[in-house]
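Undergrad: below: sequence and its predicted model.
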Amino acid sequence: MRFVNVEQKTATAFAFTTWYSTLWTRIAIPSFVSQVMGGMKFHANASLPYECFGFIVRKGGAVYTIPMPITASSNHFYVDPNVLAQTLYGFDHAAVSILSTYHSHPGGTETLTDADLPLTSWSPTHVLIARTITDWTLHVFKWGA
Ligand SMILES: [Zn+2]
């Protein structure tokens, strides 16, 4: 994700490796993620060779993926702030709660990159979908140490 913001600018003021490692913790796959695994893999496949991005949300008792329209390459993506704002207002209006964000790494990188850092403020957890030779593997992160 290419998105210059305050977090990235202030990063240089810290000892980078120490600061970087406290931003997220890898966690086991929660059940709400398992419920929408197929949908996220479908989205990731449909977006090849580019990255994909979306939300995992809860409405009532059901969990859904919300694939987002983005501008993407094979290793970056960009979300139009106007599209994001409209989406978030829509969620709020419809009493939809955000459980997680997700995005894909078609190149197979299994860790988040510094370009992914702005996502820390968008949801409590993040699902990275990394491509393997035959499928995708899911890596779930909780923000914070
Ligand atoms: Zn990424």
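TA: Cool, got the structure.
Undergrad: assumed Ser34 was part of a helix.
TA: Yes: using DSSP: H, G, I helix; E, B strand; the rest coil, the assignment for Ser34 is a helix.
Undergrad: gap between Thr71 and Tyr89?
TA: 21 Å (C-beta to C-beta, to the nearest Å). For glycine as for every other residue, the C-beta is placed from the backbone atoms N, C-alpha and C.
Undergrad: tell me the SS of Gly38?
TA: helix.
Undergrad: what does Gly90 give?
TA: helix.
Undergrad: what sits against it?
TA: Applying C-beta atoms under 8 Å, 6 or more residues apart in numbering, we find Gly90 in contact with Val96.
Undergrad: how far away is it from Leu23?
TA: Separation of Gly90 from Leu23 (C-beta to C-beta): 28 Å.
Undergrad: same check on Thr71?
TA: Relative to Leu23, and taking C-beta to C-beta, Thr71 is found at 25 Å.
Undergrad: neighbour count winner among the two?
TA: Taking neighbours as other C-beta atoms under 10 Å, Thr71 and Leu23 compare with Leu23 leading, 17 against 11.
Undergrad: tell me the pLDDT of the more buried one.
TA: Listed pLDDT for Leu23 reads 78.
Undergrad: my guess is it meets Leu119, correct?
TA: No: in this structure Leu23 lies outside contact range of Leu119 using C-beta atoms under 8 Å: 10.1 Å.
Undergrad: in terms of helices and strands, where is the spatially most central residue of the chain?
TA: Closest residue to the average C-alpha location of the chain: Tyr102 at 3.0 Å, with C-alpha atoms, centre = their mean. Using DSSP states H and E, Tyr102 maps to strand 97-105.
Undergrad: what helices and strands are in contact with that strand?
TA: Applying 3 or more C-beta pairs under 8 Å, 6 or more residues apart in numbering; DSSP states H and E, we find strand 97-105 packed against helix 31-35, helix 37-47, strand 53-59, strand 125-131.
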